[in-house]
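J.: Sequence and computational prediction follow.
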Amino acid sequence: MLTNYTISIFTMNTVGLLNRITIIFTRRRVNIESLTVSETERKGVSRFTIVIKQENREFVEKLVRQIRKVTDVLAVFGYLDDEIVFNEIGLFKIATPLGGIPVDVKTINLDWNAKIVHFGLDYVVVEKNGSEEEIQEFYTYLKKWEILEYVKSGRVAVGKTEKGLVEFLPEEGNWEIV
Amino acid sequence: MGQTQTQTEAANQPGQKKFLSGAQAIMQSLVEQGVDTIFGYPGGAIMPTYDALYDYQDRLKHILVRHEQGAGHAAQGYARMLNKAGVCMVTSGPGATNLITPIADAMLDSTPLVCIVGQVKGNLLGTDAFQECDLIGISMPVTKWNYQVLDANEIPEIMAKAFYIAETGRPGPVLIDITRTAQTDLMTVPFEYKPCTSIISYKPRVEPKAEHVEAAAKLINSAKRPYILAGHGILISGAEKELNDFVDKTGIPVATTLLGMSAMDADHPLYVGWPGMHGNYGANVLTNSCDVLIAIGMRFDDRITGDLSTYAKQAKVVHIEIDPSEVDKNVKADAPVVGDAKAALQALLPLVNKADHSEWRAEFKKYDDEEYEKITKKDLFHEGDKIKMGEAVNLLSNKTKGEAVVVTDVGQHQMITNRYYRFKKRNSIVTSGGAGTMGFALPAAFGAKVAVPEREVVAVIGDGGFQMTLQELGTIAQSGLPVKIIILNNNFLGMVRQWQQLFFENRYSFVELQNPDFITIAKGFGIAGHTVSDRAELSDSLDTLLNSDKPYLLEIVCEKEENVFPMVPAGGCVTSIRLE
């Protein structure tokens, strides 16, 4: 059975590092389901969140060790879904031509916990946060309108442990808060 | 050239503050790092640095190779002898791509290299400029670290970092891609070189954790049939003495991997040969009979393990290894010890019990006797017309008392050399293991000789591999260093031919060579040599080679269709080893 693994990688902010990290996946023919990079609360430290589907836990452990080996990587964690709090964001651009079905703002807000973030002349942009499945269900609901564009972000996640990032970073660093 | 000179001159005008150019900063960094030798080849994008080198010739010895691949392999040979980074310097584009094979080889065989590579001007990056090539992209999968320098001010720090990363932890190749602009620009700050001693995101563990050492010791002490596989890590960390002390105390039989050869005196009573595809009979078969397998500084390469699902399944595994990603990668460790082999053995020694294991050791002897009867005897005391590779190597071993540095290429002669050369002196093998790079030996032997001119360095090469880098005879001739070259010529790509015979129903597909007259070629380069094909003249021929105080090439015409045994078929179980 395929299991979701979320790999969080903390790195120095170096040019070319994304390439060095993705090579580790492509070389082993692992498909990256999603990838997000952002700066963390510590200055100069970037965080990669990479989601993969794998059958074999041992394989993921080996992958994590290979990533750790990269010179500019500070720390790496592989998580199962129940070990993290995670979310994604979907943006839907929906056609609202004259005479079309009116957008049901109340249902979108209250039943779907989504919101309209932009009103165009004959379209609206709806934003929905949630898990991949929730966004998928919302997509199905929106199908009664013409969907002009749909885009979904990769997963972002934080661990459920008590510790913060700084406790996993090498001690001698001057990990100034942004 | 003109440009740099003008800038340098401008910088040195009276009243002006003296700041180094990037190119001078590269040279000054190398000097302060303690580098004495550069293997290189000039060209457009690295010319400013070669111009700076002109003024540093008294402090930095530059060796002009004949092909950039030769620079890389020579730097590898040098690095392997001295356990410090070999330095090569080449130009952009094709100059740099020619260096990729040695870099990949060094990555697999944990060899420290610092490769300084020219790049087009900063403003031309990404424009497909003349001799532009994305070396950062190309070298990424085969370097331990790489970096593109665009700013001359960065040079001292990056150079220091390059050497630190290349030489510490599990050593490996580092590539520094330096734009022409970063070479010609003047620094805007005074040059200051601080050796790198720590990188926040890179913390190789040298000292093993005490609890891991204790767990390993417990397992070793409980063993009735323990077996040590000692690898390259012993040579890299200089742990030969520690290994000997450990073995003498514990009485555990030791096999060395191909790259770990010479970690132990071949005549040590506890030395049982080498494991792997063409390794020894007992060293392979008994892997599946031991109860505790102690792997030190090795990575369970597939050429050693064969079929992993049947490899040492009965054994508990102690794995001492500096690279954490190698632990549990191929073989699951019951007691992993992450750390430097030397430090780990030092920590283990007081914790292990004195033991004898004579009954267990006697089992190796039984297999040795059988191997001797069925293979060794026939290889060494052959009575046919043609010389066999084994007898030539055996004679070489005797004549050099097992004390030479032996550099081999890749193929049958490599396996035979490691079978029959009886290493007596530590750190004496240089061979291409993980990558199996044909053409490695000639330049690597030269690099080794540059590093340890006081030692006898003998390259043993097949006729196929020799023709891949033979232009380095020019480099050797120009240096005058007495590198001794033996070609074991069987007019075949022997190892491929052997496989075609054994596994492809004798269908010899493009393995027979029409060879040139090697001696004439050597002569053309100004290197003396001769051919021997008669057994009666073999001994004198080797004497001529070894007694020469100049480089010398000896071509030994060998039996054409000789096979190397024992042999574990690729992907087979270690007990499925064939003796014929």
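T.: Perfect, thanks for sending it. Numbers count the residues shown, from 1 in each chain, chains lettered A, B, ... in the order given.
J.: what's around residue 43, how many residues?
T.: If you meant another chain, say so; for now it's chain A. Per other C-beta atoms under 10 Å in any protein chain shown, the neighbour tally for A:K43 reads 12. (C-beta placed from N, C-alpha, C; glycine too.)
J.: that's the other chain; I wanted chain B
T.: B:G43 has 18 neighbouring residues, counting by other C-beta under 10 Å.
J.: again, but for the one 5 residues further on
T.: Summarising burial for B:P48: neighbours were counted as other C-beta under 10 Å, giving 28.
J.: And the helix or strand hosting it, what's buried?
T.: Applying DSSP states H and E as the criterion places B:P48 in helix B:47-54. Neighbour-count burial for helix B:47-54 flags B:47-53 (criterion: 16 or more other C-beta atoms under 10 Å in any protein chain shown).
J.: How about stretch B:57-67?
T.: Going by 16+ other C-beta under 10 Å, stretch B:57-67 has these buried residues: B:60, B:62-63, B:65-67.
J.: Could you give me the buried positions within stretch B:565-578?
T.: Within stretch B:565-578, the residues that count as buried by 16+ other C-beta under 10 Å are B:565-568, B:573-575, B:577.
J.: Just the residues contacting it, thanks.
T.: Applying C-beta atoms under 8 Å, 6 or more residues apart in numbering or on different chains, the set of residues contacting stretch B:565-578 from outside is B:275-281, B:284-285, B:287-288, B:302, B:305-307, B:310-311, B:371, B:374-375, B:502-503, B:579-580.
J.: what's the helix holding B:P48 in contact with?
T.: Residues outside helix B:47-54 that contact it (C-beta under 8 Å, 6+ apart): B:1, B:3-5, B:21-24, B:26-27, B:38, B:40, B:42, B:60, B:62, B:89, B:91, B:116, B:118, B:178, B:180, B:183-184.
J.: Out of the buried residues of stretch B:57-67, which sit inside strands?
T.: Applying DSSP state E to the buried residues of stretch B:57-67, the entries found in strands are B:62-63.
J.: mind putting the buried residues of stretch B:57-67 in a markdown table, distance to chain A included?
T.: Shown next, in a markdown table, are these (distance: C-beta to the nearest C-beta, whole Å):
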| residue | distance to chain A |
| --- | --- |
| B:L60 | 27 |
| B:H62 | 28 |
| B:I63 | 29 |
| B:V65 | 28 |
| B:R66 | 32 |
| B:H67 | 28 |
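J.: host element of the closest residue to chain B within chain A?
T.: When distances are taken as C-beta to the nearest C-beta, chain A reaches nearest to chain B at A:R65, 4.0 Å away. For A:R65, the element it lies in under DSSP H and E is helix A:57-68.
J.: Could you identify the helix or strand that succeeds that helix?
T.: Trace forward from helix A:57-68 with DSSP H and E and the next one is strand A:73-79.
J.: what packs against the following helix or strand past that following strand?
T.: Using DSSP H and E, the helix or strand that follows strand A:73-79 in sequence is strand A:84-95. Under the contact criterion of 3 or more C-beta pairs under 8 Å, 6 or more residues apart in numbering or on different chains; DSSP states H and E, strand A:84-95 touches strand A:123-130, helix A:132-142, strand A:147-152, strand A:156-159.
J.: in strand A:84-95, what's buried?
T.: Of all the residues in strand A:84-95, those buried under the rule 16+ other C-beta under 10 Å are A:84, A:86-88, A:90-94.
J.: got the buried residues for stretch B:503-517?
T.: For stretch B:503-517, by 16+ other C-beta under 10 Å, it's B:511, B:515.
J.: Could you break chain B into its assigned domains?
T.: Per automatic domain parsing, the domain ranges recorded for chain B read B:2-184, B:210-363, B:383-558.
J.: Contact residues of chain A facing chain B?
T.: Residues of chain A found near chain B (C-beta under 8 Å from any C-beta of the partner chain) are A:11-12, A:15-16, A:19-20, A:23, A:27, A:58, A:61-62, A:65-66, A:68-69, A:71-74, A:170, A:172-173.
J.: Can you select the buried ones among these for me in PyMOL?
T.: For the buried members of these, the matching PyMOL selection, counting by 16+ other C-beta under 10 Å, is:
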select buried, chain A and resi 11+12+20+62+65+66+68+69+71+72+73+74
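J.: who's in contact with B:L124?
T.: So B:L124 contacts B:E132 (C-beta under 8 Å, 6+ apart).
J.: Kindly recompute the last result at 10 Å.
T.: If you count contacts by C-beta atoms under 10 Å, 6 or more residues apart in numbering or on different chains, B:L124 has them with B:45, B:130, B:132, B:179-181.
J.: so which of these comes closest to chain A?
T.: Distances from chain A to the contacts of B:L124, taken by C-beta to the nearest C-beta, are shortest for B:T179, at 13.5 Å.
J.: Buried residues in the helix or strand that contains B:Q500, which are they?
T.: Element membership for B:Q500 (DSSP H and E) is helix B:494-503. Neighbour-count burial for helix B:494-503, with 16+ other C-beta under 10 Å as criterion, is recorded at B:494-500.
J.: Turn the buried residues of strand A:84-95 into JSON lines, columns for distance to B:K366.
T.: Formatted as JSON lines, the buried residues of strand A:84-95 follow (distance: C-beta to C-beta, whole Å):
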{"residue": "A:I84", "distance to B:K366": "57"}
{"residue": "A:F86", "distance to B:K366": "60"}
{"residue": "A:N87", "distance to B:K366": "65"}
{"residue": "A:E88", "distance to B:K366": "64"}
{"residue": "A:G90", "distance to B:K366": "70"}
{"residue": "A:L91", "distance to B:K366": "73"}
{"residue": "A:F92", "distance to B:K366": "75"}
{"residue": "A:K93", "distance to B:K366": "78"}
{"residue": "A:I94", "distance to B:K366": "80"}
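J.: Nearest to chain A among the buried residues of helix B:47-54?
T.: Chain A lies nearest to B:T49 out of these, by C-beta to the nearest C-beta, at 22.2 Å.
J.: and the residue of chain B found nearest chain A, how many neighbours does it have?
T.: Closest to chain A within chain B is B:S325: 4.0 Å, counting by C-beta to the nearest C-beta. For B:S325, the count of nearby residues is 17 (other C-beta under 10 Å).
J.: any idea of the pLDDT on it?
T.: We have a pLDDT of 95 for B:S325.
J.: In contact with the residue lying closest to B:E326 once chain neighbours are set aside, which residues?
T.: Leaving aside its sequence neighbours, B:E326 sits nearest to B:R299 (C-beta to C-beta, 6 or more residues apart in numbering or on different chains; 4.6 Å). Counting by C-beta under 10 Å, 6+ apart, B:R299 makes contact with B:108, B:110, B:170, B:231-233, B:257, B:259, B:319, B:321, B:323, B:325-327, B:329-331, B:434.
J.: Please apply the same query to B:G526.
T.: B:G526 makes contact with B:473-474, B:476-478, B:480, B:550-551, according to C-beta under 10 Å, 6+ apart.
J.: three-state assignment of it?
T.: coil (DSSP: H, G, I helix; E, B strand; the rest coil).
J.: per-residue confidence at it?
T.: Per the predicted model, pLDDT is 98 at B:G526.
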